[in-house]
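**Q** what would the 3D arrangement of this be:
(chains A, B, C and D)
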Number of protein chains: 2
Amino acid sequence: MSPNLSVAEENYIKSIYHLQQDAESVTTNALADHIKTKPASVTDMLKKLQLKNLLNYNPYKGFRLSKEGNKAALNIIRRHRLWEYFLVNQLQFNWDEVHDVAEQLEHVISRKLVDKLDAFLGYPKFDPHGDPIPDGNGKINYQQQMPLINLPLNTAAIITSVQNQSSDLLAFLSNRDMHIGTKVEVKQKLNFDNSLEVKIKNKQSFHVSEQVANAIQVNPL
Amino acid sequence: MSPNLSVAEENYIKSIYHLQQDAESVTTNALADHIKTKPASVTDMLKKLQLKNLLNYNPYKGFRLSKEGNKAALNIIRRHRLWEYFLVNQLQFNWDEVHDVAEQLEHVISRKLVDKLDAFLGYPKFDPHGDPIPDGNGKINYQQQMPLINLPLNTAAIITSVQNQSSDLLAFLSNRDMHIGTKVEVKQKLNFDNSLEVKIKNKQSFHVSEQVANAIQVNPL
DNA sequence: ATTTATTTTTAGACAAACCTAAAAAAAATT
DNA sequence: AATTTTTTTTAGGTTTGTCTAAAAATAAAT
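**A** Modelled structure (predicted):
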């Protein structure tokens, strides 16, 4: 059923999965960019994945993961997020330090390992960045959430996730005491650069750029 | 200082380390056998490791790890054994199930990960098979031990390690209640096949083949 | 001390995953 | 609708780590 995948193949599948979340179909250049390789290399790999029935590929038109490819992606994401949870909650890593290590750990292939890790961690539902962890059958529960930048003014909301793995950004958020679960409110929207004036708890309000406000996902109370 | 090593290179280094424990120098064929590859492939890799100053290589004569190669090996072994300890003591794997997974985990490269794992586990000194875990500086403390087959008759001894990762053998030992720390005594040596009659605790004595008796290491009380 | 057998190395190929440069297809512009 | 630009694919090369077959070196046996 599930064929053995190389690390390279897994990385392609994972990237395609993420890219196709916000688009009908994925393009060669977008994937090349995302995976930091050249378009020609992407084309090579697309053919390979197509041949393995992991991809629906229309030359020159774009591509999406097949049903089977999707399942494979969710498996990789499951491993990645469980390891991130382990690193933060057991090994005391900061949430801005875990991404690169989890990128390696996710390629360790053992169903038993993943299931036992899951049990050991107490079947967590979300990783340290607030992203949902797929279960052993590839079922994933997306949260209802919106980017902070779309939150109406003076409306209390809870930070549910951060859609950016940059350790600089994550450290910046920690520094401002913005974590998953933190209550926020937007006090002001500055139109010339789309930045926000944000307030949490009883602290003084502070400034947040458009990029950051796009990465922070919230759920209004 | 320490160059980045591929998984293949790490596997060669680890195998050479183990082979040179019981020999002056290692031969191409022995390594090819151990690593399940062909002698020609070994020769190729030897040249590469020599070039990276990890190996002292005399064509046609044999080879040993250099000082730097040894350090690299101990690092790999440290990672392998810490993960084995984690799998058994945290994730509840049996000692006969951990080898293959640890073979994958040992190639995850992050100094911080290894050190935090070590701390999380409480700086264990021995892995589940009784082998010593090198510290962060590559220092390793070998135990005083001898193969069970050399233990004099009717002399109580403690099992200190098992020098064989075969899951069949390990499951066999578990089944006979022979674990690290178990007290054993040899009741009889059968000369026609070098097998032993062994007794533990107040259980009935049982039979152990030459191969098994060679793998079990003990320390007389 | 030759000859024979074994071990090791060299030579040349192959697959995976990448690359650059050129060609082909699709999209955008005039 | 024809031309230009952009995107994508093809063609051919490189590196890593493997292989087989043949050659060279060493070891063993007569």
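
**Q** what residues are up against A:His18?
**A** The contact partners of A:His18, taken as Cβ atoms under 8 Å, 6 or more residues apart in numbering or on different chains, are A:His34. Quick note: C-beta positions are derived from backbone N, CA and C, even for glycine.

**Q** what's the biggest helix by length in chain A packed up against?
**A** Once chain A is assigned using DSSP state H, the helix that runs over the most residues is helix A:67-89. Applying 3 or more Cβ pairs under 8 Å, 6 or more residues apart in numbering or on different chains; DSSP states H and E, one finds that helix A:67-89 contacts helix A:7-19, helix A:99-105, helix A:111-121.

**Q** TSV for these, including mean pLDDT and distance to B:Lys38?
**A** Below are these laid out as TSV (pLDDT from 0 to 100; distance: least, Cβ to Cβ, whole Å):
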stretch	mean pLDDT	distance to B:Lys38
helix A:7-19	98	24
helix A:99-105	97	29
helix A:111-121	98	31
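
**Q** for B:Gln90, which of the ones you listed is the nearest?
**A** Using Cβ to Cβ as the measure, helix A:111-121 is the one of these that comes nearest B:Gln90, at 6.2 Å.

**Q** can you pull the phi/psi pair for A:Met178?
**A** Note on A:Met178: backbone dihedrals following degrees, to the nearest 10 are phi -100, psi 110.

**Q** tally up the residues packed near it, please.
**A** A:Met178 has 22 neighbours, counted by other Cβ atoms under 10 Å in any protein chain shown.

**Q** thought it was touching A:Val184?
**A** Yes: counting by Cβ atoms under 8 Å, A:Met178 touches A:Val184, with 6.9 Å between them.

**Q** list residues touching both of those two?
**A** In contact with both A:Met178 and A:Val184: A:Ile159, A:Ile200, A:Ile216, using Cβ under 8 Å, 6+ apart.

**Q** quick check: which of those has the minimum pLDDT.
**A** pLDDT across the shared contacts of A:Met178 and A:Val184 is at its lowest for A:Ile200, which sits at 94.

**Q** which residues of chain A lie near DNA strand D?
**A** Chain A has residues A:27-30, A:39-40, A:42-44, A:46-47, A:57, A:59-60, A:62 near DNA strand D, with proximity defined as Cβ under 7 Å from any atom of the strand.

**Q** near DNA strand C too, which of these?
**A** Among those, DNA strand C is touched by A:Ala40, A:Asp44, A:Tyr60 when using Cβ under 7 Å from any atom of the strand.

**Q** contact distance from DNA strand C - what residues of chain A qualify?
**A** So far as Cβ under 7 Å from any atom of the strand goes, chain A lies against DNA strand C at A:6-9, A:37-38, A:40-41, A:44-45, A:48, A:60-61.

**Q** which one of the residues you listed is nearest DNA strand D?
**A** Nearest to DNA strand D out of the residues of chain A next to DNA strand C is A:Ala40 (Cβ to the nearest atom of the strand; 3.3 Å).

**Q** circling back: sort out for me which of the ones next to DNA strand C among the residues of chain A next to DNA strand D are in helices.
**A** Counting by DSSP H, those contribute A:Ala40, A:Asp44 to helices.

**Q** low-confidence ranges, chain A, go.
**A** Applying pLDDT under 70 to chain A flags residues A:1.

**Q** please repeat the previous calculation with a cut-off of 50.
**A** Scanning chain A for pLDDT under 50 picks out nothing.

**Q** before we move on, the earlier item: pipe the helices and strands packed on helix A:67-89 into CSV and attach distance to A:Gln188 per row.
**A** Below are these laid out as CSV (distance: least, Cβ to Cβ, whole Å):
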stretch, distance to A:Gln188
helix A:7-19, 32
helix A:99-105, 32
helix A:111-121, 40
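
**Q** immediately after the lengthiest strand in chain A, which helix or strand?
**A** Using DSSP state E, we find that the single longest strand of chain A is strand A:183-190. With elements assigned by DSSP states H and E, the helix or strand that comes after strand A:183-190 is strand A:195-200.

**Q** can you tell me the strand partners of the helix or strand that that next one is followed by and which way each runs?
**A** Counting by DSSP H and E, the element after strand A:195-200 in chain order, helix or strand, is strand A:206-208. Looking at strand A:206-208 with DSSP bridges, its partner strands are strand A:195-200 (antiparallel).

**Q** got the angle for the strand it pairs with vs strand A:183-190?
**A** In terms of direction (axes from the mean of the first three to the mean of the last three Cα atoms, to 10 degrees), strand A:195-200 departs from strand A:183-190 by 150 degrees.

**Q** which residues of chain A lie near chain B?
**A** A:87, A:90-93, A:97, A:100-101, A:104-105, A:108-110, A:112-113, A:116-117, A:120 (Cβ under 8 Å from any Cβ of the partner chain).

**Q** repeat that for 6 Å
**A** Taking Cβ under 6 Å from any Cβ of the partner chain as the criterion, chain A approaches chain B at residues A:Leu91, A:Val101, A:Gln104, A:Leu105, A:Val108, A:Ser110, A:Leu113, A:Lys116, A:Phe120.

**Q** for DNA strand D, state which of those residues is nearest.
**A** Nearest member of those to DNA strand D, counting by Cβ to the nearest atom of the strand, is A:Gln104, at 16.0 Å.

**Q** buried residues, stretch A:177-192. List them.
**A** A:Met178, A:Ile180, A:Thr182, A:Val184, A:Glu185, A:Val186 (16 or more other Cβ atoms under 10 Å in any protein chain shown).

**Q** my error: substitute stretch A:165-173 in the last question.
**A** A:Gln165, A:Leu169, A:Leu170, A:Leu173.

**Q** now the closest residue to the first one other than its chain neighbours: how far from A:Arg176?
**A** Spatial nearest neighbour of A:Gln165, chain neighbours left out: A:His99 (4.5 Å); criterion: Cβ to Cβ, 6 or more residues apart in numbering or on different chains. In this structure, A:His99 and A:Arg176 are 20 Å apart, going by Cβ to Cβ, to the nearest Å.
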